[in-house]
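A.B. asks: Just a sequence and a predicted model for now, questions to come.
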Amino acid sequence: MPQPDLPPKLEGKRLVLGVSGGIAAYKACDLASRLVKDKARVTAVLTHGAEQFVTPYVFEALTGQPCFTENFRRIKPGETAYPHIDLALEADAIVVAPATASLIARLAAGMADELLATLLLTARCPVVVCPAMNVQMWEHAATQRNIKTLTQYGYRILGPASGALACGMQGAGRMVEPADIHEFVRKLFDGGASTNFPGSGAKGRVERKGQKREKRTKRGKRGKEGEQKTT
Ligand SMILES: Cc1cc2nc3c(=O)[nH]c(=O)nc-3n(C[C@H](O)[C@H](O)[C@H](O)COP(=O)(O)O)c2cc1C
């Protein structure tokens with residue numbers, strides 16, 4: 001479907017695009033491209049599962065930013081040893097698309113077993129989670145309980161959509177289309193990007209020593225929720 005010509009709305013916004021290892025990972029490339037065309041600075045973070053489906057090079061080529069995959073890596077001069085902290089602190093929003101059953105379970109359990117999960121546990125900006133999986137995985141009581149937990153923590157759950165699934169089954173489990181995720185992200189910023197802080201309870205964001213960003217002081221206000229149906 002041709003994309004309508006929308007005025008750039010994400011100019012200056014720093015977005016982290018988290019990609020986990022589902023068949024819909026290839027659609028995250030389209031999403032990255034749309035966000036970049038909307039003038040966002042997009043940094044992709046891939047799980048090792050995602051790397052089985054898509055490569056970091058695609059995201060680096062599409063975003064012009066380094067793509068991160070590793071918690072533990074040797075750094076070059078000028079690079080950060082703490083991408084899980086720096087990316088989380090800098091991000092205006094994080095979108096996880098697709099979010100696998102496994103990643104959702106790890107988030108619900110508060111696990112920090114690889115870079116994306118660690119970064120998500122650190123983050124205090126709005127986080128949009130776009131589940132994508134087989135319908136039976138989605139309907140399993142464990143996944144439903146995990147989704148409920150994420151909702152309680154303040155994550156925005158966008159989708160899944162229903163229809164034909166890659167595995168040949170029909171039902172809920174399709175990742176929401178990149179154009180709709182893009183639109184949802186745009187709406188996040190309609191009321192000012194600062195909304196809730198996943199998992200932070202009353203504490204919210206803790207500043208790092210020496211860190212001063214005007215926009216951080218605005219955090220804590222509730223922005224407008226997008227019109228997309230979220231759970
Ligand atoms: C061909 C194929 C497609 C898969 N698609 C999905 C999927 O759409 N959603 C999902 O939750 N898991 C899917 N899986 C299973 C995940 O890849 C697996 O649970 C993996 O450990 C997820 O890792 P991650 O969550 O760290 O990325 C698929 C596996 C294979 C082999």
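C.D. replies: Cool, the structure landed. Residues are numbered from 1 along each chain as shown.
A.B. asks: Going by C-alpha atoms from here, please, whenever you check contacts or count neighbours.
C.D. replies: Fine.
A.B. asks: what separates Ala108 from Thr80, distance-wise?
C.D. replies: Note on Ala108: its distance to Thr80, by Cα to Cα, to the nearest Å, is 27 Å.
A.B. asks: So for these two, which sits in the more crowded spot?
C.D. replies: Taking other Cα atoms under 10 Å, Ala108 and Thr80 do not tie; Ala108 has more neighbours (21 against 13).
A.B. asks: From the ligand, how far off is the closest residue to that one other than its chain neighbours?
C.D. replies: With Cα to Cα, 6 or more residues apart in numbering as the criterion, Ala108 has its nearest non-adjacent residue at 5.4 Å, and that residue is Asn146. Counting by Cα to the nearest ligand atom, to the nearest Å, the separation of Asn146 from the ligand is 13 Å.
A.B. asks: What helix or strand is Asn146 located in?
C.D. replies: When elements are assigned from DSSP states H and E, Asn146 belongs to helix 141-153.
A.B. asks: Return the alpha-carbon coordinates of that helix using CSV.
C.D. replies: Taking Å, rounded to 0.1, in the frame of the first residue of the first chain, the C-alpha atoms of helix 141-153 are listed here in CSV:
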residue,chain,number,x,y,z
ALA,A,141,-1.9,-19.1,29.5
ALA,A,142,1.7,-18.4,30.1
THR,A,143,1.9,-15.8,27.3
GLN,A,144,-1.3,-14.2,28.3
ARG,A,145,-0.1,-13.9,31.9
ASN,A,146,3.2,-12.4,30.7
ILE,A,147,1.3,-9.9,28.6
LYS,A,148,-0.8,-8.9,31.5
THR,A,149,2.3,-8.5,33.6
LEU,A,150,3.9,-6.3,30.9
THR,A,151,0.7,-4.2,30.7
GLN,A,152,0.8,-3.7,34.5
TYR,A,153,4.5,-2.6,34.3
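A.B. asks: What mean pLDDT does it get?
C.D. replies: For helix 141-153, the mean per-residue pLDDT is 98.
A.B. asks: ok, and for that helix, which residues are buried?
C.D. replies: Residues 143-144, 146-151, 153 are the ones in helix 141-153 that count as buried (16 or more other Cα atoms under 10 Å).
A.B. asks: I'd like those as TSV, with distance to Leu62 appended.
C.D. replies: Formatted as TSV, the buried residues of helix 141-153 follow (distance: Cα to Cα, whole Å):
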residue	distance to Leu62
Thr143	32
Gln144	34
Asn146	32
Ile147	30
Lys148	33
Thr149	33
Leu150	30
Thr151	31
Tyr153	31
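A.B. asks: from those residues, which is closest to the ligand?
C.D. replies: In terms of Cα to the nearest ligand atom, no member of those lies closer to the ligand than Thr143, at 9.7 Å.
A.B. asks: Now do the contacts for that closest one.
C.D. replies: 101, 104-105, 137 (Cα atoms under 8 Å, 6 or more residues apart in numbering).
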